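Asker: no FASTA, just this:
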DNA sequence: AGCATATGTCAGCCTTGTTGACATTCCAAG
DNA sequence: CTTGGAATGTCAACAAGGCTGACATATGCT
C-alpha cells in the first residue's frame, strides 16, 4: 500500500510506523482484547449470560435512564439483537424498563439492585486486570494507551466515548 | 473490591488508578476494538468470510508452515471450530495443507498466492487505521499503548505475542 | 388525518464458538 | 512387535449472538 519502510535518513523518528511495528500493534490488540474479556466471560459463563449481556449492563449502569435507541447507537447492534438480551435481563429482574414521561414511546432503562450487583461483580473483575496493567506500565504509558485507542476509534464512537467520559 | 479512590495524600501520582480512570480504559478498549476490526470486516463481508478466517490467514502468513496445533494455541479456539474455517480456506484455494516430513501426523499450513493476496488486502486496511492512529498519537504514546496492552494479556498469550514479535 | 418515530416481536439465516464421539495415522515405550 | 497415546480430521448437535425482513403498537408531530 504505502510506507512499507520508514524513509531512509529520517533517523528513528518514524520507526514506529514500519509495517513490522504496525503488525505488532495489531497483534497486541488481538491478544490484549482476549485478556480484557477473559475475566468477565468466566463469570458470565456460570450465569447463562454472554458478553452481550455484559455490554448492556455496563452501559445502562453508566447512563441510567438511557433509552433503547441510545443503547443501540452505543452498542452498534440491531434492535432485534439488543431486544433479545434486554428481554432476558428484564425477565430475570436485573433491568427495569420504564415508559418515558415526556415521550411515552421511549423506554428508559435502569439497573435493579440485582442488576447493580452483577455489574459490580463484572466490572470489579475487569477493573482488577486493568488496574494491574496500568500499575505495571505506569502513568505515562497509560496516557499513551488512551491516546492511541482514541485515535483508532471511528469518529462516531469517539464522540460517544468522550461524551460518556465527560458526563461521568 | 479495593482502591476505589486513590489514597489521600499521594498527590496525583495514582490518579490513573481510580475506578473512573479504569472505566475509561475499559470503554476505550471496547470502542477502539470496534474500529480495529471494522475495515477488515467490511472486506470480509463481500467474500462470505468472517473474522475467524481473517485470524487464521493472519497467523498462517505470520508463521508459514505452522501446524494446526500451533494455530489452535494462538487462536484459543477448539480444533473443530478452526477446522471448519481451515477447510473452507483450503477448498477455496487460499491455504495449502502439507503433511509433515519429520512427523507425518502434523499438517503444515501455507498461504497460496491467492491467500497471500487476501492477507495483504486485509492487513493493508487494518494497518492503514493503525498507522493513522499511531501518527496522530505520536511515538511516546505508541510505546505506552504497547506496554499497557502487553500487561493486559494472559501470561500464555503474552509469551505467544513476544515469541511472534521476536522471531519476526 | 396522516406520516414519522420508538419500540417490541416473530421468523429465519449465518458465523463461530462449544461438547462428544469416533477414525486414522503415526511415534515411542515397553 | 505390540500397544498406548498424541495429532489430526470428521460428523453431529447445539447455543450465543450477530443479521435481515416483516409487521404491530403506541405515540408524537405537522
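Answerer: Good, I have the coordinates. Since the model is a prediction, treat every value here as computed from it, not as a measurement.

Asker: ok, how many other residues are close to residue A:82?
Answerer: For residue A:82, the tally of surrounding residues (other Cβ atoms under 10 Å in any protein chain shown) stands at 19. (Each C-beta comes from the backbone N, C-alpha and C, glycine too.)

Asker: now do the phi/psi pair for the closest residue to it other than its chain neighbours.
Answerer: Leaving aside its chain neighbours, residue A:82 sits nearest to residue A:72 (5.8 Å; criterion: Cβ to Cβ, 6 or more residues apart in numbering or on different chains). Dihedral angles phi and psi of residue A:72 (degrees, to the nearest 10) take the values phi -60, psi -40.

Asker: can you check residue A:77 too?
Answerer: Listed backbone geometry of residue A:77 is phi -130, psi 180, with angles given as degrees, to the nearest 10.

Asker: what does chain A put close to DNA strand D?
Answerer: Proximity of chain A to DNA strand D, by Cβ under 7 Å from any atom of the strand, involves residues A:48-53, A:55, A:76-78, A:80-82, A:84-85, A:102-105.

Asker: give me every residue that touches residue A:25.
Answerer: With Cβ atoms under 8 Å, 6 or more residues apart in numbering or on different chains as the criterion, the residues that contact residue A:25 are A:148, B:130, B:134, B:142, B:145, B:146.

Asker: tell me the SS of residue A:64?
Answerer: Judged by DSSP: H, G, I helix; E, B strand; the rest coil, the three-state class of residue A:64 is coil.

Asker: residue A:164: neighbouring residues, count only.
Answerer: Around residue A:164 there are 17 other residues, counting by other Cβ under 10 Å.

Asker: any idea which element it lies in?
Answerer: Under the criterion DSSP states H and E, the helix or strand holding residue A:164 is helix A:155-167.

Asker: quick one: the residue of chain A found nearest chain B and DNA strand D, what's the gap?
Answerer: Among all residues of chain A, residue A:144 sits closest to chain B, at 2.5 Å; criterion: Cβ to the nearest Cβ. Using Cβ to the nearest atom of the strand, to the nearest Å, one gets 29 Å for the distance from residue A:144 to DNA strand D.

Asker: contacting residues for that residue?
Answerer: By Cβ under 8 Å, 6+ apart, the contact list for residue A:144 reads B:137, B:140, B:141, B:142, B:143, B:144, B:145, B:147, B:148.

Asker: farthest-apart pair in the contacts of residue A:25, please.
Answerer: Spatial extent of the contacts of residue A:25 (Cβ to Cβ) is set by the pair B:130 and B:146 at 11.5 Å.

Asker: which stretches in chain A count as helices?
Answerer: Taking DSSP state H as the criterion, chain A carries its helices at A:19-45, A:51-62, A:68-75, A:79-91, A:113-137, A:139-152, A:155-167.
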